[in-house]
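**Q** Have a look at this prediction, sequence included:
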Amino acid sequence: MVDDIGLLPVPVEAAEALFRVIDAAYERRSVAISSNVHPVGFDQLLPAPLATAGVDRFIHHAHLVVTKGDSYRFAQARDGNGVTPLT
């Protein structure tokens, strides 16, 4: 599981490491990636050749889950659920 791709800038070394993980797992293991960036925008996060090759591999055979709206944590905080005031 790779969480929050695109939340912070991705240095070239990290982009290369991510591609190596995706490539090594391709058609052998499951990889889960979460991001607030749609896969078509990954070339804005990673060097274009790595983004294209990586997205090609992890989209093939993929199950994409697209969510919309507020995050679960934000909705809870907004509604006062799960929030403990500091005393």
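**A** Ah, there it is. Numbers count the residues shown, from 1 in each chain.

**Q** could you pull out the helices for this structure?
**A** In the chain, helices defined by DSSP state H lie at 12-25, 48-59, 72-78, listed in chain order.

**Q** what's near enough to touch the nearest residue to Ile59 once chain neighbours are set aside?
**A** Of all residues not flanking Ile59 in the chain, Pro39 sits nearest, at 6.2 Å (Cβ to Cβ, 6 or more residues apart in numbering). Where you see a C-beta, it was placed from the backbone N, CA and C, and this is true even at glycine. Contact analysis of Pro39 by Cβ atoms under 8 Å, 6 or more residues apart in numbering lists Val55, Phe58, Ile59.

**Q** export these to JSON lines and tack on pLDDT, distance to Ala25 and neighbour count?
**A** Compiled in JSON lines, those are given as follows (pLDDT from 0 to 100; distance: Cβ to Cβ, whole Å; neighbours: other Cβ atoms under 10 Å):
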{"residue": "Val55", "pLDDT": "92", "distance to Ala25": "14", "neighbour count": "20"}
{"residue": "Phe58", "pLDDT": "87", "distance to Ala25": "8", "neighbour count": "23"}
{"residue": "Ile59", "pLDDT": "90", "distance to Ala25": "13", "neighbour count": "11"}
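
**Q** Go through these and name the one nearest Arg29.
**A** Nearest to Arg29 out of the contacts of Pro39 is Phe58 (Cβ to Cβ; 11.3 Å).

**Q** just checking, that closest one touches Ile33?
**A** Yes - between Phe58 and Ile33 there is a contact at 6.4 Å, judged by Cβ atoms under 8 Å.

**Q** Where does the prediction get shaky in the chain?
**A** By pLDDT under 70, the weakly predicted segments of the chain are 83, 85.

**Q** swap the cut-off to 90 and go again
**A** By pLDDT under 90, the weakly predicted segments of the chain are 1-2, 4-10, 31, 34-40, 44-46, 58, 62-87.
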